[in-house]
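K.L.:
My questions concern the predicted model and sequence given below.
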Amino acid sequence: MQLTKVVLLLVLPFTCFADGATRVQTPYAEQKVVYDFYFDEPEKINSALYWIRSLMIPLGEEPYNYAPEFMDIVVVIHGTEIVTVAKKNYEKYKEAVERMRYYAALGVKFRVCGLAAADYSYKEKDFYEFIDVAPSAITELAHWQQQGYSLITPVVMYKKYSVEDIR
């Protein structure tokens, strides 16, 4: 018995991992996702928008070939990043605004919390045409989850090291 364990411990690592990782093709169905954007710094929205891209791009490529209309995506904005969707701040947040405008053209719905908007003294007219104002972010998030949407809450951290530094 002991000899069998020793042989398995010595041989198993070389046989199981000799060829490297295996790429899987998970059979993804239609995607229904609600993103919860609530950041302590407005600039973090740029990184969070990559989370949307990370959902859409792989599903749009082989073997899935899903068109954007097969991806039902809602983004609920209610942190400091709300300033990025106020028209008066366009020059400062132009990159994020244009990416959101692009995603909106692909069918992504952007919702701003009405309570947060009031905290910033924003009215509906202060936001872009692709923004809808919901009564509350929390009720909006609950609503979409009750409709079967998966909740994704991006955690955006500042990068301390480059890939080259830690590779």
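P.N.:
Everything's here; your move. Numbers count the residues shown, from 1 in each chain.

K.L.:
C-alpha from now on. contacts and neighbour counts both.
P.N.:
Fine.

K.L.:
and the residue nearest the centre of the chain, what pLDDT?
P.N.:
Central residue of the chain (C-alpha atoms, centre = their mean): Trp51, 3.0 Å from the mean position. Here, the pLDDT recorded for Trp51 equals 96.

K.L.:
so what's it closest to, chain neighbours aside?
P.N.:
Of all residues beyond its chain neighbours, the one nearest Trp51 is Pro154 (7.0 Å), with distances taken as C-alpha to C-alpha, 6 or more residues apart in numbering.

K.L.:
May I see the buried residues of stretch 43-57?
P.N.:
For stretch 43-57, burial by neighbour count (16 or more other C-alpha atoms under 10 Å) applies to 43-46, 48-49, 51-52, 56.

K.L.:
quick one: which of those residues is nearest to Ile73?
P.N.:
Nearest to Ile73 among those: Ile52, at 8.3 Å, using C-alpha to C-alpha.

K.L.:
Do I have it right that Phe130 meets Arg99?
P.N.:
No. Here Phe130 does not reach Arg99: they are 11.5 Å apart, not a contact under C-alpha atoms under 8 Å.

K.L.:
With neighbour numbers in mind, choose between the two.
P.N.:
Set Phe130 next to Arg99 and count neighbours by other C-alpha atoms under 10 Å: Phe130 wins out with 18 against 15.
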